[in-house]
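Novice: Return a 3D structure for these sequence lines:
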Amino acid sequence: MTTTEQTREGASLMSILDELTEMLGNARAMPMSASVLVNRAEVLDLLDAARAVVPEEIHAADDIVADADAMLERARDRAEAVLADARARAEELVAGERVVRLAQERAAQIVAEAEASAAKLAADANDYCDRQLAQFEIDLGAIGTQVRAGREALAARVGRESGADTER
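Specialist: Numbers count the residues shown, from 1 in each chain. Sure thing, here's the model as predicted:
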């Protein structure tokens with residue numbers, strides 16, 4: 001295993017793309033041309049590593065969504081428990097004849113607090129999911145942009161090389 005391959009073990013897609021960008025940025029330029037010389041094997045190794053990492057990052061996103069779903073389920077369970085406690089407490093308060101009116105008011109307050117707490121927990125869980133998915137969308141967009149730019153640069157270079165070959 002080469003040093004470059006050892007460096008890429010466990011690397012994220014963004015670090016692989018950064019390495020590819022750095023390689024192209026530091027490549028020796030062809031005189032009087034926008035073309036550069038790069039080691040084909042190294043570039044292909046980086047692209048293979050990127051292909052290998054993408055499924056892992058998709059699995060990571062799936063795990064984030066699953067975690068968010070679990071968090072939402074826990075929030076719902078907690079909200080149900082809070083509501084059950086509120087109802088039980090309200091029934092206890094109503095049982096006393098002298099405190100019926102106060103018990104009803106307190107029960108309504110407890111239920112309102114429980115519903116507000118449940119709504120906040122659900123909103124927080126949904127916000128967490130949305131932020132994670134938005135970040136994943138940004139990352140995928142950046143990857144797509146970098147891949148398109150790389151392919152366009154490669155196509156332009158191949159086109160110039162084909163044009164130079166026909167001129168000879």
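Novice: now the residue nearest to I143 when sequence neighbours are not counted: how far from V53?
Specialist: Computed as Cβ to Cβ, 6 or more residues apart in numbering, the closest residue to I143 that is not its neighbour in sequence is L13, at 6.3 Å. (C-beta placed from N, C-alpha, C; glycine too.) As judged by Cβ to Cβ, to the nearest Å, L13 and V53 stand 5 Å apart.
Novice: now do A123
Specialist: The gap separating A123 from V53 is 33 Å, by Cβ to Cβ.
Novice: out of these two, which sits in the busier spot?
Specialist: The residue with more neighbours, out of A123 and V53, is V53; 19 against 11, by other Cβ atoms under 10 Å.
Novice: what helices or strands is the host helix or strand of that one leaning on?
Specialist: Assigned by DSSP states H and E, V53 belongs to helix 40-95. Helices and strands touching helix 40-95, by 3 or more Cβ pairs under 8 Å, 6 or more residues apart in numbering; DSSP states H and E, are helix 3-8, helix 13-26, helix 100-167.
Novice: The closest residue to L20 other than its chain neighbours and R40, how far apart?
Specialist: Nearest residue to L20 in three dimensions, chain neighbours excluded: L46, at 4.7 Å (Cβ to Cβ, 6+ apart). Distance from L46 to R40, counting by Cβ to Cβ: 11 Å.
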